[in-house]
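[1] sequence first, then the predicted structure, then my questions.
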Amino acid sequence: MSEPLILLEAASRTYRSGALDVEALRSTTVSVERGDYVALTGPSGSGKSTLLHLLGCLDRPTAGRYVLDGRDVSRLSDAELAAVRNRTIGFVFQRFHLLRDETAARNVELPLIYSGLSRADRQRRSLLALEEVGLSARANHRPGQLSGGEQQRVALARALVKEPRLLLADEPTGNLDSTAGGSVLSLIDTWNRTGVTVILNTHDAGVAAHARRRWSIKDGVLSEGAA
Ligand code: ADP
Ligand code: MG
């Protein structure tokens, strides 16, 4: 068997704020194969974002190990983590996180700035990514001129423009109506079919049903299978 894309070994994350420690993720051991599709559900405050941020190299485990694509990333510096993210991971946030003063095309182009591509190549890749999410006609619009669903599709194009192996999405449909959410989800499904490993957080059982595997989390304890 090939090595998994993701391997957590007794990984935990404790937030220390003053005298109070919050064990947001308790000792967790789990692996994810390449090409898999996982939906993570759980009540608010259960640790979903904490786990996704760990998996996305936006954070590190307090204890235990995270091996991503064969490399232990648990103790990397911020700069090293950023390099891993840049190479391997696309991240989509519930609230889009687009730069509001930049056009859609420019938002999608930004992750390519350090790629060594020429300006013209970056612009071409950005427009192709926008085409893939059905937004060619909106390339020169700023986020404020786009609907929520369109903004999230721009965020998807930005996450995918570098062709990452892993797509992590933190409640990607959480702020969208069902039509807009459906189109975001069908793009994610399509990418997964082309081999991108997907892990998403959701409150919505209908969204979770798209995944092959379901995790639920409660009080920082992860279990396999729907809650
Ligand atoms: P979810 O995404 O499931 O709503 P989170 O992972 O955001 O949950 O939070 C899990 C727990 O960790 C919550 O009790 C939350 O208050 C706490 N928490 C999250 N981030 C921090 C932080 N930066 N500092 C302290 N506590 C935090
Ligand atoms: Mg959250």
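    Nice, thanks for sending it over. Ligands and ions are numbered 1, 2, ... in the order given.
[2] use CA for all of it now, contacts and neighbours both
    OK.
[3] ok, Glu33 - how many residues close by?
    Residues contacting Glu33 under the criterion other CA atoms under 10 Å number 14.
[4] please name the nearest non-neighbouring residue to it.
    Among residues not flanking Glu33 along the chain, Pro4 sits closest, at 4.5 Å (CA to CA, 6 or more residues apart in numbering).
[5] from ligand 1, how far off is that neighbour?
    Using CA to the nearest ligand atom, to the nearest Å, one gets 24 Å for the distance from Pro4 to ligand 1.
[6] residues in contact with that residue?
    The neighbours of Pro4, taking CA atoms under 8 Å, 6 or more residues apart in numbering as the test, are 31-34, 69-70.
[7] among those, name the buried ones.
    Among the contacts of Pro4, those buried by neighbour count (16 or more other CA atoms under 10 Å) are 31-32, 34, 69.
[8] distance of Leu110 relative to Val161?
    Using CA to CA, to the nearest Å, Leu110 is found at 10 Å from Val161.
[9] returning to what we had before: same list (the contacts of Pro4) but as a markdown table, adding secondary structure.
    A markdown table is the format used below for those (DSSP: H, G, I helix; E, B strand; the rest coil):
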| residue | secondary structure |
| --- | --- |
| Ser31 | strand |
| Val32 | strand |
| Glu33 | coil |
| Arg34 | coil |
| Asp69 | coil |
| Gly70 | coil |
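[10] and what about the residue nearest to Glu33, helix, strand or coil?
    coil.
[11] how far does stretch 179-195 sit from its chain's centre?
    Relative to its parent chain, stretch 179-195 has a centroid offset of 13 Å by CA atoms, centre = their mean, to the nearest Å.
[12] how about the CA coordinates for that stretch, as CSV?
    C-alpha atoms of stretch 179-195 as CSV (Å, rounded to 0.1, in the frame of the first residue of the first chain):
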residue,chain,number,x,y,z
THR,A,179,-28.3,27.2,-5.2
ALA,A,180,-25.0,28.9,-4.8
GLY,A,181,-23.8,26.3,-2.3
GLY,A,182,-24.8,23.6,-4.8
SER,A,183,-22.6,25.0,-7.5
VAL,A,184,-19.6,25.4,-5.2
LEU,A,185,-20.1,21.8,-4.1
SER,A,186,-20.3,20.5,-7.6
LEU,A,187,-17.0,22.2,-8.4
ILE,A,188,-15.4,20.5,-5.3
ASP,A,189,-16.9,17.1,-6.4
THR,A,190,-15.4,17.6,-9.9
TRP,A,191,-11.9,18.4,-8.5
ASN,A,192,-12.1,15.3,-6.3
ARG,A,193,-12.9,13.2,-9.3
THR,A,194,-9.7,14.4,-11.0
GLY,A,195,-7.7,13.2,-8.0
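[13] going forward, begin numbering at 303 instead of 1
    With the count now opening at 303, the last piece we talked about shows up as stretch 481-497.
[14] need the residues that contact it.
    Where contact means CA under 8 Å, 6+ apart, the residues beyond stretch 481-497 that reach it are 336-339, 435, 450-452, 454-455, 467, 474-476, 500, 509, 512.
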